[in-house]
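A.B. asks: Just need the structure, nothing else, for what follows:
(4 chains)
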Number of protein chains: 4
Amino acid sequence: MMDERLGVALVGAGLMGAYHGETLARRLPDARLVAVVDPVEAAARRLLDRIGGSGRPAAGAPRWERELAPALADPAVEAVVVATPGWLHADAIVAAAEAGKAVFCEKPITYTLEDADRALAAVERAGVPLQIGFQRRFDPGFRRARAAVADGTLGQVQLLRSITRDPERTDMAGMPPGTIFRDTLIHDFDMLRWLADSEAVEVFALADALIAPQLKPQGLLDTAVVTVRFANGALATADASFSAAYGYDVRAEVFGSDGMMTVGNGAPDTAWHFSRGGVTRPQVNWFLDLFGHAYVAELAHFVECVRTGQPPAVTGQDGRAALVMALAALASVETGRPVRV
Amino acid sequence: MMDERLGVALVGAGLMGAYHGETLARRLPDARLVAVVDPVEAAARRLLDRIGGSGRPAAGAPRWERELAPALADPAVEAVVVATPGWLHADAIVAAAEAGKAVFCEKPITYTLEDADRALAAVERAGVPLQIGFQRRFDPGFRRARAAVADGTLGQVQLLRSITRDPERTDMAGMPPGTIFRDTLIHDFDMLRWLADSEAVEVFALADALIAPQLKPQGLLDTAVVTVRFANGALATADASFSAAYGYDVRAEVFGSDGMMTVGNGAPDTAWHFSRGGVTRPQVNWFLDLFGHAYVAELAHFVECVRTGQPPAVTGQDGRAALVMALAALASVETGRPVRV
Amino acid sequence: MMDERLGVALVGAGLMGAYHGETLARRLPDARLVAVVDPVEAAARRLLDRIGGSGRPAAGAPRWERELAPALADPAVEAVVVATPGWLHADAIVAAAEAGKAVFCEKPITYTLEDADRALAAVERAGVPLQIGFQRRFDPGFRRARAAVADGTLGQVQLLRSITRDPERTDMAGMPPGTIFRDTLIHDFDMLRWLADSEAVEVFALADALIAPQLKPQGLLDTAVVTVRFANGALATADASFSAAYGYDVRAEVFGSDGMMTVGNGAPDTAWHFSRGGVTRPQVNWFLDLFGHAYVAELAHFVECVRTGQPPAVTGQDGRAALVMALAALASVETGRPVRV
Amino acid sequence: MMDERLGVALVGAGLMGAYHGETLARRLPDARLVAVVDPVEAAARRLLDRIGGSGRPAAGAPRWERELAPALADPAVEAVVVATPGWLHADAIVAAAEAGKAVFCEKPITYTLEDADRALAAVERAGVPLQIGFQRRFDPGFRRARAAVADGTLGQVQLLRSITRDPERTDMAGMPPGTIFRDTLIHDFDMLRWLADSEAVEVFALADALIAPQLKPQGLLDTAVVTVRFANGALATADASFSAAYGYDVRAEVFGSDGMMTVGNGAPDTAWHFSRGGVTRPQVNWFLDLFGHAYVAELAHFVECVRTGQPPAVTGQDGRAALVMALAALASVETGRPVRV
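C.D. replies: Model (predicted):
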């Protein structure tokens, strides 16, 4: 009896990696999680234990690997899902591509253009598919906005807005400088490009340490506003914060000559509470409540692309273009001037 | 290698059965669809073909059975999901219970109290679990409303409302009389009981053939309003229609001494379109867009209950109590008078 | 120099009367408040003091009258606005009509059919205009719903809903029995008639003392649900409560073969507060925040009708028809049976 | 008999002037419109005719003046409402101040800093009150947002947003360059200052002729995005368009360390239409439907300030500070660089 499911190795068993791992093991019938690669055994074990409870046949249970190499050497591994810290993405992509594996890589593609180009070159040489984890593109609301741009419903796109505000984060002390641009606003840069259907030509950014001024000396910026001019004339803003008291706030707005579309903050709980304190609807404090379905959908798309040979809808070039915008925003903050892309 | 997944036979491969079948085959890693029972081979084949595309091992592929008996004789079948037309529910429940299988039965439990009591007696004799498919209880919004009642947030419940309006249906000609009460408003009766946390003591109903007056001679009512008085004093209304031009409309409202909660019409698409024609949000034309997640969640609950021995949260008695209300509403329409339950 | 403004006497300087008085004195340039009639001098003085601060010419300042008769004898009084307690409405209407004055009367027209018919007969004999104070008909949202019925946008009306829930009231001890039907739900009965564009043929009501059970012995009902069947087949529900913890709640819903319209709870404050406690929009605790504009608009309409000879849009017959429904609801509660109208 | 109402001369009977004129004549019982000054007799007559229908005493009817001087010479004129084109504001303010009249001036205070300073100096010398027409400050929603900043509800303000999008305008051909900053975004600049509770220190603007490229050669920009850094660290964006297909769109958003408030787009029509085309709420195509109440409230405030000696809440310095931001935005567009204020 042959297993026709796509064999996948997961690299990185952190928060996001663990969710992808569960998706591969339990939410996607056409995928099979073969190995979990993480130098921290405890992280991998936590994930494997959770999955192991599934009652699947023992023979098919995924195994832990400390290093990527042995996993890549396993012919049962047909694809790799990269969910390591961002600065390790390029090495993982290169190694996987050179081993001939299809690659799904969490955003950002990498932290530097050099690394990005190195990874893209390896992927191209190997001729393997590469998909970047911009999961918002798989959310029904954001998709409808894109469709309204693509089919002309909104006319000529003129103004755009995208925001990403995290709930009150407690991990700011350990963040590398530039996190707000390279890890957070990277989502917005991708969304703006996608919805503007054009490339950025000028970026201006203001950023500050308004939430944690004590971390400013080490270069951490926690609040940012970015303005973008696109090649087709559209003007856009994005903003981000690491501390929204009211929970996740992820929205986009596309304004065109024939109308506007707004999307975001979708959550499955429709309960409105009318009390002496006012009329309250639920807030979202966990990103998987906002985007769990989209994370599953992007991996399902990846699995199907690998199985059918269809190219993924979110390419390595998309990952690179968003990174270019993030780096331009960083440069703009440093110089105090708009930066041409 | 032993398969630890729960083996399930599906009885009835119609619209709802097909979705449950796909859920068992592809969405629940802890379940295994062993057999699809349907006298109409084509219906079963359509479902099996769709599932077959999953690439699961051939040895585990579900098979078609024309009759329930052979499926019940298979020791690999540990549980049965009943999704036949309502008037056949009792026989399937009785047969499955007598074969010692756990039973999940779509709503309504049956069409008559005699059948319901016969089914419940068989289940009790066999000591098997029985869960009724009131999937709204598994929707996050409706659950929050229930929680707000149960934990006292809303105070003493005084007024309730529940509505079910289908999109413009094209299958009205074939409906048995009473469908609007026994098949549609049965959801609302269950919801009202659950949210009132009390039993109905009086039911008054008005109903008419406003959408399809030509079907009135054969007894088909397509529009109904029901008033219910509960034992704890709460007063409730429900209404239903077979033809909402704007798509599905499923809502509930609980009003108590300390506040109100409203729920319903949750859909994953958050796009608002602002055009010359006004400001438009998406409508929902497919019931799985509203409740797909809840149908999966109720089966996941059932599978877990069977595996752990925990009793299901929606019991056969719940199914019977909602049926009692539906029959009282029918009697009220016939007599033009309120009916004591 | 002649004053071309319509001279009006206000009868009753309670809460509603005071607002009407201010409107006549300060919000309607085409009206002039000539006299405030109230046996309680302090109530009249409070209103006159508030108006007096307006700096209008002393010669035009309104005066206090203890009795209606002297005001009616004043030729400067061309119209009377009746805002006394409901059981005194008929006498005031009759007296004003017999004096040849135009009459605006707060809802309900009266408390009994005998009184209503007596008042209507006097008005007809005198040939004076009579408008009833159903101010919801002058709210932009409710008007749009009516227009959508009248112009066929919604198709054939099939289901309706109207609710009136007051904030937590502190005056329940002094209410006469039947208040919830004759004073509160009377608004809903008018709205249902207007939106159904048809007359009630059957009324069924459930009511109880759920908020203040201690007042039940004296006949006070504080929570009610009413079902109405209209001559054109439309089915409707209404509910009312004297104690909504979350403030005013006044809504209507019209469902027809071609769509639905929902209206209500309009308030001028658009601020949404996103906090750690959730997402909150303002609630409305003061009925003038909901309907202040509509109370002004209905008087403006009345003044214009009197000046132009055009008949008022809300007639005495409208007042009577809503009273008929209220009395039927009361009878239904007493008999426990639906009442044919 | 003495008239205690405040005598006001209106200068400019265009769209906004006409509404202010009607407000003074018919909506504010404590004001009296004495004269309408406009070189275009027809414009003044149209307004006077509309007001004349009010039935107020002929002796009090306002008169037309071609020039401001005669109106200023009239001792019955105690205050002047300036609603001329923006480039004429300074002369009117200076003349009125020198005549000792209180001044209400539509936004912007003037078009140049020189004119603004000249006007402010005249006002200071004369010791008369000056209020600028930023009416959003008198809208209940915007006021609540300001209150939430002022009372600390939102914590430290970190991110702000303000937008102004007009419906599809047909008067673009005649606009002076800079209109989008000096006449439109001036509202947003005031709102951002007010809600940030701080002064702008840096402004960056992108603008283009996306709607009417054919007007670009004459310098007209119709779409703009502005970024502002405030002295207290808060970062803000504003955007504007002269052509929103979906009608007026005026919103603000304040994000602070303890939460967020969003406001705007308040309209009196609460009707939601659920049809085969989706779920639609009314749009707003007329600015008075959005802000009619606020225009009345600002004049009522002005009248009361003049009568009581209390200083107006929106001062000439407020007008100047917003103009400074508008001019900085213009300079930023010209230089392509951020501009320090």
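
A.B. asks: and residue A:76, how many neighbours?
C.D. replies: Burial measure for residue A:76: 12 neighbouring residues, criterion other Cβ atoms under 10 Å in any protein chain shown. The way it works is simple: take the backbone N, C-alpha and C, and place the C-beta from them, glycine included.

A.B. asks: How about the contacts made by it?
C.D. replies: By Cβ atoms under 8 Å, 6 or more residues apart in numbering or on different chains, the contact set of residue A:76 is A:7, A:34.

A.B. asks: Worst mean pLDDT across the helices and strands of chain A, which element?
C.D. replies: With mean pLDDT, DSSP states H and E as the measure, the helix or strand of chain A carrying the lowest mean pLDDT is strand A:278-281 (a mean of 79).

A.B. asks: mind listing the strands for the stretch 201-341 of chain A?
C.D. replies: Taking DSSP state E, counting those that start in this stretch as the criterion, the stretch 201-341 of chain A contains strands spanning A:223-230, A:235-244, A:249-256, A:259-264, A:272-275, A:278-281, A:339-340.

A.B. asks: tilt between the longest one and strand D:259-264?
C.D. replies: Think strand A:235-244. 140 degrees (axes from the mean of the first three to the mean of the last three Cα atoms, to 10 degrees).

A.B. asks: Just checking: what are the partner strands of strand A:235-244?
C.D. replies: The strands beside strand A:235-244 in its sheet (DSSP bridges) come out as strand A:157-167 (parallel), strand A:223-230 (antiparallel).

A.B. asks: so what's the residue in chain A sticking out farthest from the centre closest to, chain neighbours aside?
C.D. replies: Distance to the chain centre peaks in chain A at residue A:276, reaching 39.7 Å (criterion: Cα atoms, centre = their mean). Distance criterion Cβ to Cβ, 6 or more residues apart in numbering or on different chains; nearest residue to residue A:276, sequence neighbours excluded, is residue C:245 at 5.0 Å.

A.B. asks: And residue A:204, how close does it get to chain C?
C.D. replies: The span separating residue A:204 from chain C equals 27 Å under the rule Cβ to the nearest Cβ, to the nearest Å.

A.B. asks: Return the residues in contact with that residue.
C.D. replies: When contacts are counted by Cβ under 8 Å, 6+ apart, residue A:204 is found next to A:226-228, A:332, A:337-339, D:204, D:206, D:227, D:338.

A.B. asks: quick one: the closest residue to it other than its chain neighbours from residue D:340, how far?
C.D. replies: Computed as Cβ to Cβ, 6+ apart, the closest residue to residue A:204 that is not its neighbour in sequence is residue A:338, at 4.1 Å. In this structure, residue A:338 and residue D:340 are 15 Å apart, going by Cβ to Cβ, to the nearest Å.

A.B. asks: Surely residue A:223 and residue A:210 touch.
C.D. replies: Yes. Counting by Cβ atoms under 8 Å, residue A:223 does reach residue A:210; the two are 4.4 Å apart.

A.B. asks: Quick check: neighbours shared by the two?
C.D. replies: Taking Cβ under 8 Å, 6+ apart as the contact rule, residue A:223 and residue A:210 both touch D:158, D:235.

A.B. asks: for the longest helix seen in chain A, which positions count as buried?
C.D. replies: Longest helix in chain A by number of residues, with DSSP state H as the criterion: helix A:287-308. By neighbour count on 16 or more other Cβ atoms under 10 Å in any protein chain shown, the buried set for helix A:287-308 is A:287, A:289-303, A:305-307.

A.B. asks: rewinding a little: what lies in contact with the least confident helix or strand of chain A?
C.D. replies: For strand A:278-281, contacts defined as Cβ under 8 Å, 6+ apart pick out A:271-274, C:246, C:273, C:277-283.

A.B. asks: Which neighbours in the sheet does it have, and how are they oriented?
C.D. replies: Strand A:278-281 has these strand partners (DSSP bridges): strand A:272-275 (antiparallel), strand C:278-281 (antiparallel).

A.B. asks: Adding distance to residue C:175 as columns, could you present those strands in CSV?
C.D. replies: Written out in CSV, the entries for these read as follows (distance: least, Cβ to Cβ, whole Å):
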stretch, distance to residue C:175
strand A:272-275, 24
strand C:278-281, 31
